[in-house]
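In: this is a predicted model, with the sequence first.
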Amino acid sequence: MKPRDLTDLLLLATIWGASFLFMRMAVPAFGPVALAFVRVAGAALFLLPLLLLRGEAPVLRQRWRALLVLGLTNSALPFLLFGYAVYTLPAALAAIFNAATPLCTALIAWAWLGDPLNRWRSLGLALGFAGVAGLALVKSLHAPAGTGLSALQVDGPTLLAIGACLGGTLMYGYAGNHAKRHLPGVPAMAMAAGTQLAAALALALPAALLWPAVQPGLRDWLAAAGLAVLASGLAYILYFRLITRVGPTGAASVTFLVPVSAAVWGGLFLGEVPTLPMLLGGAVILAGTALVLGLWPRAPSGQPAAST
């Protein structure tokens with residue numbers, strides 16, 4: 001992995017880690033579905049003028065079908081599915097399903113695109129998932145009574161919510177491979193703008209039906225604007241650029257780093273002190289990510305690094 005790509009990955013993890021601060025502020029006022037619409041619509045409004053200035057707007061018309069599918073599978077449908085799931089499932093379980101995205105992406109890339117899965121990358125995927133799952137379980141143990149995994153009841157609504165999480169994870173896994181397969185050579189800016197516009201159109205009706213009865217305040221709108229511009233607008237430019245350069249599995253490995261970034265932001269702004277198990281989980285995540293990206297172990301001189 002080139003230094004520029006590693007910088008993009010770390011910057012993306014930093015942005016998406018910080019997005020949890022904005023979501024904590026905005027979700028109570030908007031609700032998950034309305035906030036998802038505001039997020040993608042705001043991102044589209046931010047990105048489309050930049051696309052026009054760069055002269056790349058014709059790409060939206062030329063590749064609209066592939067961009068529509070990408071917008072649905074990478075934003076609109078996963079946002080709806082995870083938004084539905086969080087009403088029933090503990091946050092720790094939803095986080096574990098989300099952490100399976102790189103695993104799902106790698107398996108789809110192997111089966112569909114023929115991307116190889118060597119032993120180091122496979123080990124890295126397993127370590128990254130285990131690290132995130134460990135962090136989620138530790139957090140669940142310290143959750144208020146009745147909100148952690150121990151309060152989970154296996155019934156119809158719970159099974160539907162688990163199915164929604166699985167569907168969202170599959171959507172994310174498919175989306176990265178779809179971008180590589182059907183949108184080669186399309187600029188990252190065009191992919192980001194096209195997908196957010198498509199997602200906004202898809203989420204407009206659900207958001208209208210579920211719009212909050214009490215209008216959100218200025219603070220809530222500012223938090224939503226931060227999500228739109230940073231966590232969707234800028235972040236998806238970085239994400240789609242990474243897919244082009246390091247492949248869908250390498251780009252999806254950012255999902256492993258997001259909980260680590262969120263913990264750092266929580267410590268800086270919310271006074272959340274990391275425990276020893278959290279630090280150990282973070283170390284496992286970093287080791288797994290390094291293996292997935294081929295940063296370690298280094299290939300012998302004259303041989304290629306781990307395949308991406």
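Out: Nice, I can see it.
In: how far away is P157 from V86?
Out: For P157, the distance to V86 equals 12 Å [Cβ to Cβ, to the nearest Å]. Using the backbone N, CA and C atoms, a C-beta is placed for each residue, glycine as well.
In: who has more neighbours out of the two?
Out: Each of P157 and V86 has its neighbours counted (other Cβ atoms under 10 Å); V86 has more, 16 against 11.
In: what distance do you get for that one to L137?
Out: For V86, the distance to L137 - Cβ to Cβ - is 18 Å.
In: may I see the buried residues of the helix or strand containing L166?
Out: Assessed by DSSP states H and E, L166 sits inside helix 156-182. Neighbour counts over helix 156-182 (16 or more other Cβ atoms under 10 Å) mark 161-162, 164-165, 167-180 as buried.
In: may I have the secondary structure class of the residue lying closest to R219 once chain neighbours are set aside?
Out: Of all residues not flanking R219 in the chain, M25 sits nearest, at 6.6 Å (Cβ to Cβ, 6 or more residues apart in numbering). Here M25 is helix, with the state taken from DSSP: H, G, I helix; E, B strand; the rest coil.
In: so A130 sits right up against V284, yeah?
Out: Yes - counting by Cβ atoms under 8 Å, A130 touches V284, with 6.3 Å between them.
In: out of the two, which sits in the more crowded spot?
Out: Set A130 next to V284 and count neighbours by other Cβ under 10 Å: V284 wins out with 20 against 15.
In: rewinding a little: what about the residue nearest to R219, how many neighbours?
Out: 16.
In: still on that earlier bit, next secondary structure after the helix holding L166?
Out: Assigned by DSSP H and E, the successor of helix 156-182 is helix 188-209.
In: what's the average pLDDT for that next one?
Out: For helix 188-209, mean pLDDT rounds to 97.
In: so what touches the next helix or strand after that helix?
Out: Counting by DSSP H and E, the element after helix 188-209 in chain order, helix or strand, is helix 218-226. Applying Cβ atoms under 8 Å, 6 or more residues apart in numbering, the set of residues contacting helix 218-226 from outside is 19, 22-23, 25-26, 29-30, 35, 38-39, 42, 216.
In: report the distance from helix 218-226 to the chain centre.
Out: From the chain centre to the centre of helix 218-226 is a distance of 20 Å (Cα atoms, centre = their mean, to the nearest Å).
In: got the CA positions of it in PDB?
Out: Once non-C-alpha atoms are left out, helix 218-226 reads as follows in PDB (Å, rounded to 0.1, in the frame of the first residue of the first chain):
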ATOM      1  CA  LEU A 218     -30.200  24.400  15.200                       C
ATOM      2  CA  ARG A 219     -27.700  22.200  17.100                       C
ATOM      3  CA  ASP A 220     -29.300  19.100  15.600                       C
ATOM      4  CA  TRP A 221     -29.100  20.600  12.100                       C
ATOM      5  CA  LEU A 222     -25.500  21.500  12.500                       C
ATOM      6  CA  ALA A 223     -24.700  18.000  13.600                       C
ATOM      7  CA  ALA A 224     -26.600  16.600  10.600                       C
ATOM      8  CA  ALA A 225     -24.600  19.000   8.300                       C
ATOM      9  CA  GLY A 226     -21.400  17.700   9.800                       C
END
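In: quick revisit: by contact count, what packs against the helix holding L166?
Out: Under the contact criterion of 3 or more Cβ pairs under 8 Å, 6 or more residues apart in numbering; DSSP states H and E, helix 156-182 touches helix 64-71, helix 77-85, helix 91-99, helix 101-108, helix 235-252.
In: mind putting those helices in JSON lines, distance to L51 included?
Out: Listed next are the helices and strands packed on helix 156-182 as JSON lines, based on distance: least, Cβ to Cβ, whole Å:
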{"stretch": "helix 64-71", "distance to L51": "12"}
{"stretch": "helix 77-85", "distance to L51": "22"}
{"stretch": "helix 91-99", "distance to L51": "29"}
{"stretch": "helix 101-108", "distance to L51": "26"}
{"stretch": "helix 235-252", "distance to L51": "11"}
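In: A290 is nearest to which of the ones you listed?
Out: Checking those against A290 by Cβ to Cβ gives helix 235-252 as the closest, at 11.5 Å.
In: just the CA trace of that closest one, in PDB.
Out: Taking Å, rounded to 0.1, in the frame of the first residue of the first chain, the C-alpha atoms of helix 235-252 are listed here in PDB:
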ATOM      1  CA  ALA A 235     -15.600  10.400   3.300                       C
ATOM      2  CA  TYR A 236     -17.100   8.700   0.200                       C
ATOM      3  CA  ILE A 237     -14.600  10.500  -2.000                       C
ATOM      4  CA  LEU A 238     -11.900   8.900   0.000                       C
ATOM      5  CA  TYR A 239     -13.700   5.500   0.200                       C
ATOM      6  CA  PHE A 240     -14.300   5.200  -3.600                       C
ATOM      7  CA  ARG A 241     -10.700   6.300  -4.300                       C
ATOM      8  CA  LEU A 242      -9.500   3.600  -2.000                       C
ATOM      9  CA  ILE A 243     -11.600   1.000  -3.800                       C
ATOM     10  CA  THR A 244     -10.000   2.000  -7.100                       C
ATOM     11  CA  ARG A 245      -6.500   1.900  -5.700                       C
ATOM     12  CA  VAL A 246      -6.400  -0.900  -3.100                       C
ATOM     13  CA  GLY A 247      -9.500  -2.900  -4.000                       C
ATOM     14  CA  PRO A 248     -12.800  -3.400  -2.200                       C
ATOM     15  CA  THR A 249     -11.500  -5.600   0.600                       C
ATOM     16  CA  GLY A 250      -8.600  -3.200   1.400                       C
ATOM     17  CA  ALA A 251     -11.000  -0.300   1.400                       C
ATOM     18  CA  ALA A 252     -13.600  -2.100   3.500                       C
END
